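Q: Structure of the sequence below:
(one chain, ligands or ions: 2)
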Amino acid sequence: MRILIFGHKNPDTDSVCAAISLSYLKNQVGFNSEPRILGPLKKETKWVLNKWKVKEPKLIENVSGKKVILVDHNNFSESAFDIEKAEILEVVDHHRINFSYHSPIDFIVKPYGSTCTIIYELFKKNRVDVPLEILGLILSAIISDTSGFKSSSTTDNDLETAEEIAKLLEINLDEFKEEILKIKTDISGKSINELLNYDFKKFLSKAGEVGIAQIEVNNFDLLKRKKEILKEMKEMKKNVYHTLCFIISNIIENKTILFILSDDLEKINKIFKGKIKNNEIEFNKLLTRKLDIVPMLLKALE
Ligand code: MN
Ligand code: MN
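A: Ligands and ions are numbered 1, 2, ... in the order given. Below is the predicted model:
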């Protein structure tokens, strides 16, 4: 029976490239697998697939009764809608573990900056040659997921893997990095609502549901629209979220602005040492949702 391999809902470049790369690896070692996506691709991911001449995976339909492998996520809320009815064979991921299953499976989670760094290690472990287009996908995903090695989630493994692959591909890593980041941070023509939904994830805290949107930019022009942003966030939060955050990371200035609305703003402000002013807090570094923001919020809302 064919195995379907897919990343999370609202797919990003790491999710898509990890599914394609792992599917290639699985097929080399005797399995029959195909990559899938859980939603339409972002401009950046389309550019990456086009650059390495790899075709877009098909959209997933249902996974009920099917054998599946999850990449770049391990929680059911971010997975296929009927994931509870699928047979999960394996997980390869780099997020907080939020998983339990009725039988033992291969569960590979490492605190790396990108799932694709783990997959490159799996190629080596299995002694399978990596074709050029898969090298290209893995490199692109590492750059994208680590914001060009600047995000706090970046590890030496990510950087070393990227350097090794750039050598194999005979491309200039810095130039390629700039190309990807230019596309990733291009928010022109997008409405505030589109930006809030661009890379949005939900978490369950003890106090209620927390929604966290995240985007990366190359300048802070967007901050001029703070009023509009907070208005749109209020609308989104209404009756749904206990806390709603919008992380705006400026990868040129290495600064992060966090907009935050919460039913317990005081508790959260305590955790952030009282620095939240007018629903806004600034950090002089690039913050990662999963490493910096989520743990703080979950702790504050305990
Ligand atoms: Mn992802
Ligand atoms: Mn990832």
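Q: What sits closest to whichever residue of the stretch 151-300 of the chain sits closest to ligand 1 if chain neighbours are left out?
A: Closest residue of the stretch 151-300 of the chain to ligand 1, C-beta to the ion: Asp199 (8.1 Å). Placement of C-beta: from N, CA and C, glycine included. With C-beta to C-beta, 6 or more residues apart in numbering as the criterion, Asp199 has its nearest non-adjacent residue at 4.8 Å, and that residue is Gln214.
Q: quick check, that neighbour in a helix?
A: No. Secondary structure of Gln214 (DSSP: H, G, I helix; E, B strand; the rest coil): strand, not part of a helix.
Q: dump the residue contacts of it.
A: Residues near Gln214 by C-beta atoms under 8 Å, 6 or more residues apart in numbering: 198-201, 246-249, 289.
Q: quick one on the thing from earlier: and the residue of the stretch 151-300 of the chain closest to ligand 1, how far is that from ligand 2?
A: According to C-beta to the ion, to the nearest Å, Asp199 and ligand 2 sit 11 Å apart.
Q: what do you get for Ile171?
A: The gap separating Ile171 from ligand 2 is 22 Å, by C-beta to the ion.
Q: What pLDDT does the model give that residue?
A: pLDDT for Ile171: 98.
Q: which helices and strands does the longest helix along the chain pack with?
A: Longest helix of the chain, by residue count under DSSP state H: helix 13-28. Secondary-structure packing of helix 13-28 (3 or more C-beta pairs under 8 Å, 6 or more residues apart in numbering; DSSP states H and E): strand 3-6, strand 33-37, helix 43-51, strand 67-71, helix 115-125, helix 132-145.
Q: For ligand 2, what's the nearest residue on the stretch 1-150 of the chain?
A: Taking C-beta to the ion, the stretch 1-150 of the chain has Asp14 as its residue nearest ligand 2, at 3.4 Å.
Q: With the flanking residues excluded, which residue is spatially nearest to Asn269?
A: That would be Ile276: by C-beta to C-beta, 6+ apart, it lies 4.5 Å from Asn269.
Q: and that neighbour, how many residues sit next to it?
A: Here the number of neighbours of Ile276 (other C-beta atoms under 10 Å) works out to 20.
Q: Spell out which parts of the stretch 1-150 of the chain neighbour ligand 1.
A: Proximity of the stretch 1-150 of the chain to ligand 1, by C-beta under 5 Å from the ion, involves residues 12, 14-15, 72.
Q: domain parsing for this structure?
A: Domain ranges of the chain: 3-184, 192-300, per automatic domain parsing.
Q: Quickly compare those and say which is most buried.
A: domain 3-184 (a mean of 19; mean count of other C-beta atoms under 10 Å).
Q: Can you give me the end-to-end span of that domain?
A: One end of domain 3-184 sits 31 Å from the other (C-alpha to C-alpha, to the nearest Å).
Q: returning to that earlier point: just confirm the residue of the stretch 151-300 of the chain closest to ligand 1 contacts Gly211, I think it does.
A: No. Assessed by C-beta atoms under 8 Å, Asp199 is found out of contact with Gly211, at 11.6 Å.
Q: Can you name the residues of the stretch 1-150 of the chain that neighbour ligand 2?
A: With the criterion set to C-beta under 5 Å from the ion, the stretch 1-150 of the chain comes near ligand 2 through 14, 72, 115, 145.
Q: Of the residues you listed, which pair is most distant in space?
A: Maximum pairwise distance among these (C-beta to C-beta): 8.5 Å, between Asp72 and Asp145.
Q: Need the residues touching each of these two.
A: Joint contacts of Asp72 and Asp145 (C-beta under 8 Å, 6+ apart) are 12, 14, 115.
Q: In contact with the last one, which residues?
A: For Thr115, the contacting residues are 7, 14-15, 18, 71-72, 92-94, 141, 145, taking C-beta under 8 Å, 6+ apart as the criterion.
Q: same thing but at 7 Å, please
A: If a contact means C-beta atoms under 7 Å, 6 or more residues apart in numbering, then Thr115 has 14, 18, 71-72, 92-94 as its contacts.
Q: got it, and the first one?
A: With contact set as C-beta under 7 Å, 6+ apart, Asp12 has these partners: 42, 45, 199.
Q: make it 10 Å
A: Applying C-beta atoms under 10 Å, 6 or more residues apart in numbering, we find Asp12 in contact with 18, 41-42, 44-45, 72, 141, 144-145, 184, 198-199.
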